[in-house]
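Engineer: Got a predicted structure plus its sequence, pasted below:
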Amino acid sequence: MKSIFYLCAALSVAMAQTAVAQSYPSKPIRMVVPFGAGSGTDQVARALAQAMGQADKITVVVENRPGGNGFIAAQDVANAKPDGYTMLLTTNSTHAAAEHLYKNVPYDPVKDFTPVALLRKGYLVMVTKPEFAATTVADFTEQAKKEPGRLNFGSGSSSSRVSAELYRQIAGVDLVHVPYKSNPNALNDLMGGLLQVMFVDTSSAVNLIKSGKLRGLAVSSQRRLDILPEVPTMQEAGVKGYEMSYWTAVYLPRNAPPDITAQLSRLLGKAMNSQELKQLTEKTGTEVAFGDGEVLSQFQASETEKWARIIKAAGIKPE
């Protein structure tokens, strides 16, 4: 009798979970972004929210929580109720690089989250003000070597910082790092003359380059990007062995129900195939790299090892 009771109880729980998943989502979903408005990640978040609303009548509220190296947003979601209504749209900054850059990360990027979906990959571009004397990477490197410790770079994400640190290591130059809450803030200071150089995601930089507000010196990809065909790769610019990319993914708090996780993954996959997202990836030089939670889990593990190697090779000490 006990075995029949436990079987019935298990079936009841399974049926209840299935019913919840079938009705999910039944209220607005909160999408937390660890970077500021206007950042590349923010652009994806808002395009996703729009696509999910149009296709499935789902209300997704984008909430930017920049600062604290992405810790504020990550902690927010890690501590949220795991019911599928609070998700983190983030990058390798919080979920592959942070534990190797900082001594006291207030969350576990694996244990505190449920992987939902890998969304896209992207690249960075080395930029300066158009008025800056150096017009090529070689020029910048030469000037930096003549003035060690005099030139600075800003970063508002781990990808931005580590890209610059990798260049600094390979080129053998001494640059001063200036941290920011988000890349848009750093870009404003770059255009204002407070910074000399930045490595920033193409999503944030392409329009500024095309409008003449910034000069693109080189891209971090292995081949030139269609949106910036005139900008050489770092390899072409003489920084041999240089290649960097970043990625965007979605997580729920730990212990999120598998049915809810799978349903959200399906909804995100559908949105990534929408015309809005296809147009966004085309105009920002990024690429769709969709995978479900299992794919994301395996990818995150390999990327964490990769970023650890890069950060260690660049000589960056955890702060």
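Structural biologist: Sure, I can see it.
Engineer: What are the structural domain limits within the protein?
Structural biologist: Split into domains by automatic domain parsing, the chain comes to 27-122+246-313, 124-219.
Engineer: Adding mean pLDDT, write those out as CSV.
Structural biologist: Listed next are the domains of the chain as CSV, based on pLDDT from 0 to 100:
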stretch, mean pLDDT
domain 27-122+246-313, 95
domain 124-219, 95
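Engineer: Dump those to JSON lines, plus distance to L225.
Structural biologist: Every C-beta, even on glycine, is put in place using the N, C-alpha and C of the backbone. What follows is those, written out as JSON lines (distance: least, CB to CB, whole Å):
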{"stretch": "domain 27-122+246-313", "distance to L225": "4"}
{"stretch": "domain 124-219", "distance to L225": "5"}
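Engineer: between those domains, which gets nearest to I227?
Structural biologist: domain 27-122+246-313 (4.4 Å; CB to CB).
Engineer: for the stretch 201-319 of the chain, what spans make up the helices?
Structural biologist: Assigned by DSSP state H, counting those that start in this stretch, the helices in the stretch 201-319 of the chain fall at 202-210, 258-272, 275-284, 293-313.
Engineer: The first one versus helix 275-284: what angle between them?
Structural biologist: Direction vectors for helix 202-210 and helix 275-284, defined by axes from the mean of the first three to the mean of the last three CA atoms, to 10 degrees, enclose an angle of 50 degrees.
Engineer: Give me the phi and psi angles of the residue nearest to P253 when sequence neighbours are not counted.
Structural biologist: Distances taken as CB to CB, 6 or more residues apart in numbering place P82 nearest to P253, at 4.1 Å, with adjacent residues excluded. P82 adopts backbone torsions of phi -80, psi 60, taken as degrees, to the nearest 10.
Engineer: Might you report the residue contacts of P82?
Structural biologist: Going by CB atoms under 8 Å, 6 or more residues apart in numbering, P82 touches 114, 252-257.
Engineer: partner strands of the longest strand along the chain, parallel or antiparallel?
Structural biologist: Ranked by residue count under DSSP state E, the longest strand found in the chain is strand 113-122. Using DSSP bridges, the strands paired with strand 113-122 are strand 246-253 (antiparallel), strand 287-292 (antiparallel).
Engineer: Just name the most buried of those.
Structural biologist: strand 246-253 (a mean of 25; mean count of other CB atoms under 10 Å).
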